[in-house]
Structures are given as structure tokens and as C-alpha cells.
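Enquirer: Could you work out the structure for the sequence below:
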Amino acid sequence: VLGAAGGIGQPLSMILKNNLPAGSKLSLYDVAPFTPGVATDLSHIPTDVEVSGFTGDDLPKALECCDVVVIPAGVARKPGMTRDDLFNINASIIANLVRNCARVCPKACICIITNPVNSTVPLAAEVLKSEGVYDKHRLFGVSALDVLRSETFLAAELGISNQRILVPVIGGHSGTTIIPLLSKVIGYEQISEDRIKALTERIQNAGTEVVEAKAGAGSATLSMATAGARFALKVVKGLMGEPGVNEYSYVEGGSKVSSFFAQSVVFGVNGWERVLDYGKVSAYEQSLIDGAASQLATNINKGVEFAKKWLSENK
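Expert: Numbers count the residues shown, from 1 in each chain. Here you go, the predicted structure:
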């Protein structure tokens, strides 16, 4: 976990400590000097997962022999900021971390949480290409939080248990590129068109809802940690050969809409193996997909262009 001492990193690491398969090794890295202390704290939890903590110049040591790297590192969003406002700060952080991954654990599955995911994932792809180790099946944008939010909000709308609902969310991980396919949920026909639109917009703006509710004290950390852990644990299951494991993720390939696109992917021993067609959608959802295409193209290009500049300045 890179960024393990932060608001997302600590609860994410705790969930992984409690849920990784016995015999796993959990390696924590952050620039914060107390990161080894976070590892010590977690090591007192009685599970058969070995935890170690690193900081400063020990990033390469932290990455040795890693099969999965989860990256929540970066600055949090503040009131009035969009995910794109974060880009110039977080982009350099991601570029440096991913380059280290490429050099130390080139076969690792890299799961990027750091926003804006629509841009940081294409950026990471360019850095990996520059090192000659890019495999699109081992690079993921973690967009699963949009799925968790959709399931929570729609379950409340329908008056059913959160444990009995699955909501596909495709597109991207920012604003109007977040496209919940509510038409795929049993009971959808009970909800008016106005409520569908309102629910969709709430899901798209749920991150801002948290930022404003925290009044400047941070962005979504606990829910993001939950989503990130759920995602990473599914990647691990796939690597271990468990069949039929899937989740929604922002990846390159398998979409006619955009080169990078959030869709359901099936995990396997080499990362993600294939994408699942989201099938027929409502007219409203199709209009959202059509509208997201140009925004995604802009976001992707932003990441690619930053990577080119960064690579030329950091040879």
C-alpha cells in the first residue's frame, strides 16, 4: 500500500490485514515518518498476515516481491475543488511511484485510487510503457466506490437490504463520466424518471457531498478504503486462481466508447482476463454514455500529456 499512513491508507491497510489470505505479506509505504509505527500497530492484530512499514528512501524495499500494489497516495480534495484540480499535485506523485513499481516489481498488478483516476491511470500507463513493462491487464483504476455508493443509495430508495443489491457503474470516476446503470436493477420500474435522474446525479456528486460534509477536514476516506480493499482482495483472489471473480474497474481495452473505460472485468492469474459487456441500457443511460465520451477523451489526453512532460524532465 503506497500512501499507507494517510486517511485512506490506514483503514485500507487495516481491512487488508484482517482479510488477506493467511501467509500474505502486507508492505506499507508513505512519506510520513510514522509509517513504520502504523505497521507496528497493525501487527498487533492477530491474523496470519505479516506487516512491515517503510518511509523515506525505502520505497524500493517496500515494493520488493509485491504481487499487488494499491496506491491511495496523494492530497485530498478540499471544498470547491474538483478531482481535476488535484491533478497537477497528484500526477507527479503517481508518476514517481509507478516508475518505482516498474523497476522493482514489474509484474505487479497496480491498483490506482489516487484522483483524478480518469487521468492518473493513463498517466501510469505511459510511465510503464517508458520502462518497457506495460501490461494493460495489470493496471487498474479503482472506481468501485461508485458501485458501493450506488448500491447504498438505491437500496435505500427501494427499501431493501444493502446486501441484496448489485448496481453496475460504468464510464469513468469523475462527475458526469460516472454512469450508474440503474435500469439493470430489479425494481427499477418502480422508480420515476425524475427520481432516476436525481439518484444518478447524487451518485455522480457523492464525493463532493462528503467533502462538503467534512467542512474542509478531508474527502471520502473510510468509504474509499472499504472500496479499495474490496477491489484489491478480488485482484488477489483472481491471482490465486479463484474462478468467476469480477468487479467494475477503469481499464484500457474492451470498450467502443473510450480507450480507458470503467466496466466489469473478470480477474485471473494474470490480472484482469476479460471485460463483460454491460448490454442493453435505457435511453437516458445511453445519453450519459454518449455525453461522457468526449470528457473521458479529454481526461485521458491530460494524463498522457503530463506523462510525456514528466518523463522528459525526469530521465
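
Enquirer: Tell me which helix or strand comes right after the longest strand anywhere in the chain.
Expert: Looking across the chain with DSSP state E, the single longest strand is strand 260-268. As assigned by DSSP states H and E, the chain's next helix or strand after strand 260-268 is strand 271-276.

Enquirer: Report the separation between the residue positioned nearest the centre of the chain and Ala206.
Expert: Central residue of the chain (CA atoms, centre = their mean): Val142, 1.5 Å from the mean position. Separation of Val142 from Ala206 (CB to CB, to the nearest Å): 15 Å. (C-beta placed from N, C-alpha, C; glycine too.)

Enquirer: what about the helices in the stretch 201-315 of the chain?
Expert: For the stretch 201-315 of the chain, the helices defined by DSSP state H, counting those that start in this stretch cover 206-213, 222-239, 283-313.

Enquirer: Quick one, which of those gets closest to Leu63.
Expert: The minimum distance between Leu63 and those falls on helix 222-239, with 15.3 Å, by CB to CB.

Enquirer: how about the residue nearest to the centre of the chain, what does it touch?
Expert: By CB atoms under 8 Å, 6 or more residues apart in numbering, the contact set of Val142 is 70, 111-113, 117, 173, 227-228, 231, 249-250.

Enquirer: Out of those residues, which comes closest to Glu212?
Expert: Nearest to Glu212 among those, with distances taken as CB to CB, is His173, at 18.8 Å.

Enquirer: Please identify the helix or strand for the closest one.
Expert: Going by DSSP H and E, His173 is not in any helix or strand.

Enquirer: Poorly predicted segments of the stretch 151-300 of the chain, please.
Expert: Along the stretch 151-300 of the chain, the model assigns pLDDT under 70 to no residue.

Enquirer: ok, which stretches of this protein are strands?
Expert: 25-29, 50-54, 68-71, 109-112, 139-141, 169-171, 178-180, 246-252, 260-268, 271-276.

Enquirer: Buried deepest among the helices of the stretch 201-315 of the chain, which one?
Expert: Of these, the one with the most neighbours on average (mean count of other CB atoms under 10 Å) is helix 222-239, at a mean of 21.

Enquirer: So what's the gap between it and the chain middle?
Expert: How far helix 222-239 lies from its chain's middle: 9 Å, per CA atoms, centre = their mean, to the nearest Å.

Enquirer: That one to strand 260-268, inter-axis angle?
Expert: In terms of direction (axes from the mean of the first three to the mean of the last three CA atoms, to 10 degrees), helix 222-239 departs from strand 260-268 by 50 degrees.
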